[in-house]
Each structure stands twice: as C-alpha cells, then as structure tokens.
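Participant: no FASTA, just this:
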C-alpha cells in the first residue's frame, strides 16, 4: 500500500505550458485590437463650431501652428513636401480620411495648401478640426 501513495517529484509538478499559451494569445489579441491615438505633434487652439461631427476613421492628422508651420506625425514638414507625407501615410490606411487641426491664428493660405495637397493625394474624406 505504501507504494501506491508514494509520488515522485515529476508527478507533483504543475504544467504551466497551457497557461502560458493562453496568456500569449491574449497578449497578441490586445495588441492587434488596440486603437492608437494619432497626435499631430503640437498643441493647437482650434476654432469654435456649432455643427461639429466626430470622424470615426482618421489616417492622416495634420496640424498648422499659429505661425504657419505644418506638422505631420509630430514632425515639422516643409510646405512643399506635405503632399508626399500625406500620400505615404494614407497608403498605410487607405480607408481613413484626413483631419486638419488649424490654429485659430493660422492663415487660410496654409490651410488651403494642406487641403490642395490632400486633394492631389487622392483623399476625398477631409475635415477641419474644431472645438464643439
């Protein structure tokens, strides 16, 4: 009878492999389904609007500073290279649109330059960010 109840160390170990597999699969799931917040790179005082509507899918976020500097993906961009940057980012997510965060004190000239670059890049969903 003593032999039946005696167990070796191998029998007492808990197999952690299935638990580690489940944790790894959950980690992959959360990484794939996570939504990442796009940031323009600078703080912008957006103009007020009464009819603001939130856009569900945004692939390109462009910010225009009060001094007229253009930022895409937290980097200052030359006004002549805006179209190339927009095309590159839009190619990564073609279903998303473009949102321009123009500061209240920025000029319409810079806003129009960004909008023309977006149209030349083939983006049809374009919006201007406002405070509601």
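Facilitator: Great, that's in hand. The shown structure was predicted, so the numbers you read here are calculated from the model rather than taken from an experiment.
Participant: contacts, neighbours, all on C-alpha from now
Facilitator: Fine.
Participant: Now do stretch 13-33: distance to the chain's middle.
Facilitator: Taking Cα atoms, centre = their mean, to the nearest Å, the mean C-alpha location of stretch 13-33 is offset from the chain mean by 26 Å.
Participant: max-length helix in the chain?
Facilitator: helix 17-33 (DSSP state H).
Participant: Now do it, average pLDDT.
Facilitator: For helix 17-33, mean pLDDT is 88.
Participant: what helices or strands is the helix or strand that comes right after that helix leaning on?
Facilitator: Going down the chain from helix 17-33, the next helix or strand is strand 58-64, by DSSP states H and E. Where contact means 3 or more Cα pairs under 8 Å, 6 or more residues apart in numbering; DSSP states H and E, strand 58-64 is packed against strand 70-72, helix 82-92, strand 97-102.
Participant: Just give the closest residue to residue 76, not the sequence neighbours.
Facilitator: Once flanking residues are discounted, residue 76 sits nearest to residue 70: 5.8 Å by Cα to Cα, 6 or more residues apart in numbering.
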